[in-house]
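>>> let's see this in three dimensions:
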Amino acid sequence: MLRSTQFIKNLKRFRMVTFDITDTLLKFRKPPGKQYAETAALLGVQNLDPKQLQQIFQEEYKALTKKYPNFGSNSKEITWQEWWQQLVHNIFIRVDSRLQNSQIQRISERLLEQYRTNECYMHIDGNIELLQRIRDSCKYVGVISNTDPGLDSLLRSMNIRQNFDFVYTSYDLGVEKPHQGAFQKPLEIYRVHPHEALHIGNLYDKDYLGARNAGWCSLLVTQIKEEAQKAESTHVYRNLREMHYALETITIKW
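Below you'll find the model as predicted:
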């Protein structure tokens, strides 16, 4: 009972709580390089080096993001699905220039399907308990994530979409966190003041600081010491269970 009371006290001021998704509530089952290699193998492209794929993935992801920021959300040249298809094409052509476009297309389509389901993602320990607890304590619970519109399908596949009143991706919003515009739309739609909103995420700059610069409160979940040291001591936790316990047992100074 005491824990329940403290939890309610800590969240009493908030009418809205939002979450980041990747590495906050969900995480990859495998690094992209390994997943790409395994998917390619299933479709007949064998013996690719996952480490090489991972390195090329990072390089091509960065290059395509520079050319078409935010998955092409503000470009008339490319859809978000085509953005991912282009990324996969660029990666596999570098790995083996002899691959046919039809082969890469099949790999691309399969990966696009996989990354919208629990084939590629798993729950982070403690996420369901914390989500449900916050769901019971706050008026609105939602998602603000730097990703594409496929996120909704992923959340349904992971059986947590029902916990959220709304899911806003950076693609839908037209801006990525830490841009203040990413935090503004939910406030306008649900008529909530910034000081009545709390955001929880795993990145100091994009989640913790981005939210605070928009007038929100925020909590950070990270095991990176350099990131953790930048945040207030009662605002940063190594994992969701630790954060949940703190919300139930100590007074958080927002």
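
>>> Three-state assignment for residue 76, please.
coil (DSSP: H, G, I helix; E, B strand; the rest coil).

>>> residue 176 versus that one, what's the distance?
Here the distance between residue 76 and residue 176 works out to 19 Å (Cβ to Cβ, to the nearest Å). Heads up, the C-betas are built off the backbone N, CA and C, glycines and all.

>>> if you count what's nearby, which of these two comes out ahead?
residue 176 (22 against 6; other Cβ atoms under 10 Å).

>>> grab the nearest non-local neighbour of residue 51.
Nearest residue to residue 51 in three dimensions, chain neighbours excluded: residue 33, at 6.3 Å (Cβ to Cβ, 6 or more residues apart in numbering).

>>> which SS class is that neighbour?
helix.

>>> ok, now which ones touch it?
50, 51, 52, 53, 54, 55, 57 (Cβ atoms under 8 Å, 6 or more residues apart in numbering).

>>> please apply the same query to residue 81.
Residue 81 touches residue 112, counting by Cβ under 8 Å, 6+ apart.

>>> returning to what we had before: which of the contacts of residue 33 ranks first by neighbour count?
Among those, the one with the most neighbours (other Cβ under 10 Å) is residue 53, at 22 neighbours.

>>> ok, now how distant is residue 61 from residue 236?
27 Å.

>>> more neighbours: the two, which one.
Neighbour count, other Cβ under 10 Å: between residue 61 and residue 236, residue 236 has more, with 21 against 14.

>>> now that one, nearest residue through space, not along the chain?
residue 220 (4.3 Å).

>>> neighbouring contacts of the helix or strand hosting the one you found?
Per DSSP states H and E: residue 220 is located in strand 217-221. With Cβ under 8 Å, 6+ apart as the test, strand 217-221 has contacts from 14, 24, 195, 197-204, 207-209, 211-212, 227-228, 231, 235-240, 243, 254.

>>> average pLDDT across it?
Here strand 217-221 scores 98 as its mean pLDDT.

>>> in that strand, which residues are buried?
For strand 217-221, the neighbour count (16 or more other Cβ atoms under 10 Å) marks 217, 218, 219, 220, 221 as buried.

>>> from the residues you listed, which is closest to residue 105?
residue 221 (37.7 Å; Cβ to Cβ).

>>> low pLDDT regions in this protein?
Applying pLDDT under 70 to the chain picks out residues 1-2.

>>> now do the helices in it.
Assigned by DSSP state H, the chain shows helices spanning 2-11, 32-42, 50-67, 69-72, 80-95, 101-114, 127-137, 151-157, 170-173, 180-190, 210-213, 225-228, 240-249.
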